[in-house]
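J.: Dropping a prediction and its sequence here:
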Amino acid sequence: MRQTGTRRRALAAAFPNTIPILAGFCFLGMAHGLLMARSGFHWLYPTLMAIVVFGGSLEYVAMEMLLSAFDPLAAIATALLVQARHLFYGVAMLDKYKGLGWKRFYLIFGMCDESFSINCTAQVPEGVDRGWFYFFVTLLDQCYWVTANLIGGLLGSLITFDTQGLDFVMTAMFVVIFLEQWLKERRHSTAVIGLGASALSLVLFGPDRFLLPAMACILFLLTVLRGPIEKAGGLA
């Protein structure tokens, strides 16, 4: 009974923090499900991808890869490139997820942009188990995403309409996430590193090849400067 009460308190504390994600995922997830359905996929495809992959931007890219010629090496490289930002999320969450037992494995798997944003910045209420709080934030976000993809896939197979412009939702989402993190950070050292490394790589390597060098540079700088950035409050 005590364990049940602990979980209930954590769920009650986590849910209000995820309401903005629920609103966003309703549109983003449904857009992905609709696009996959309009591309000829059965509604099970976006639903299963939401459960197994759970990487919004990667799922959009995966849809294009499934429609193109089979190239496993290119698919692996693209997946690593698109999701490389999770390396940076992992660096920031090392201390928060330490000592959480089995929950840590799901937290690692389920860390999306939105879950990271909440778990990185939210203040766990007094008397609430932080491990269960992080767990329910992550679980609720994935449930929102899976449900929205399911609804979008079903609607897309039943309703015919013009889906032009829906693929822009991921770009818009990343802009909003960046602005939200910028406003929440006391200092903007990590954002400046990201912008600077990306701009420099763009100039040196061009728009078609800048992403991988930029990611590598950002990862290196965040790893080397992690201590000073944390002391200055840049990862808080």
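T.: Arrived safely. Computed from a prediction, not measured in an experiment: that's the story for all the values here. Residues are numbered from 1 along each chain as shown.
J.: Please make it C-alpha for all contacts and neighbour counts, starting now.
T.: Fine.
J.: Can you tell me the number of residues neighbouring Leu158?
T.: Around Leu158 there are 11 other residues, counting by other C-alpha atoms under 10 Å.
J.: mind listing what it touches?
T.: Neighbouring residues of Leu158 by C-alpha atoms under 8 Å, 6 or more residues apart in numbering: there are none.
J.: From Phe88, how far off is it?
T.: Relative to Phe88, Leu158 is positioned 40 Å away (C-alpha to C-alpha, to the nearest Å).
J.: same question, Trp43
T.: Distance, Trp43 to Phe88, by C-alpha to C-alpha: 33 Å.
J.: ok, these two, which is more surrounded?
T.: Each of Trp43 and Phe88 has its neighbours counted (other C-alpha under 10 Å); Trp43 has more, 21 against 16.
J.: Check that one and give its pLDDT.
T.: The predicted structure scores Trp43 at 90 on the pLDDT scale.
J.: Arg2 too?
T.: Per-residue confidence (pLDDT) for Arg2: 61.
J.: quick one: terminal-to-terminal distance for stretch 78-92?
T.: 23 Å.
J.: next one: stretch 80-95
T.: The stretch stretch 80-95 measures 24 Å between its terminal residues, going by C-alpha to C-alpha.
J.: cool, stretch 65-77 as well?
T.: Taking C-alpha to C-alpha, stretch 65-77 runs 12 Å from one end to the other.
J.: List the buried residues of it.
T.: Applying a neighbour-count criterion of 16 or more other C-alpha atoms under 10 Å, one finds Met65 buried in stretch 65-77.
J.: What are the contacting residues of that stretch?
T.: Under the contact criterion C-alpha under 8 Å, 6+ apart, stretch 65-77 has no outside partners.
J.: ok, now with 10 Å
T.: Ser39, Gly40, Phe41, Glu59, Val61, Ala62, Thr78, Ala79, Leu80, Leu81, Val82 (C-alpha atoms under 10 Å, 6 or more residues apart in numbering).
J.: of these, buried ones?
T.: Of all the contacts of stretch 65-77 considered here, the ones buried according to neighbour count by 16+ other C-alpha under 10 Å are Phe41, Glu59, Ala62, Thr78, Ala79, Val82.
J.: out of the residues you listed, which one sits closest to Ala14?
T.: For the buried ones among the contacts of stretch 65-77, the residue nearest Ala14 by C-alpha to C-alpha is Glu59; the value is 25.7 Å.
J.: ok now do the closest one, which residues does it touch?
T.: Contacts here follow C-alpha under 10 Å, 6+ apart; on that basis Glu59 touches Gly29, His32, Gly33, Met36, Pro46, Met49, Ala50, Val53, Met65, Ala79.
J.: Find the helix or strand that it is a member of.
T.: helix 56-67 (DSSP states H and E).
J.: what's the spacing between that helix and its chain's center?
T.: Chain-centre distance of helix 56-67: 15 Å, with C-alpha atoms, centre = their mean, to the nearest Å.
J.: How far off centre is the helix or strand following that helix?
T.: Tracing the chain C-terminally past helix 56-67 and defining elements by DSSP H and E, one meets helix 72-82 next. Centroid displacement of helix 72-82 relative to its chain, using C-alpha atoms, centre = their mean, is 17 Å.
J.: Have a look at the chain and report its longest helix.
T.: Among the segments of the chain that qualify as a helix by DSSP state H, the longest is helix 2-38.
J.: tilt between the following helix or strand past that helix and helix 56-67?
T.: Counting by DSSP H and E, the next helix or strand C-terminal to helix 2-38 is helix 44-52. Using axes from the mean of the first three to the mean of the last three C-alpha atoms, to 10 degrees, the direction of helix 44-52 lies 140 degrees away from that of helix 56-67.
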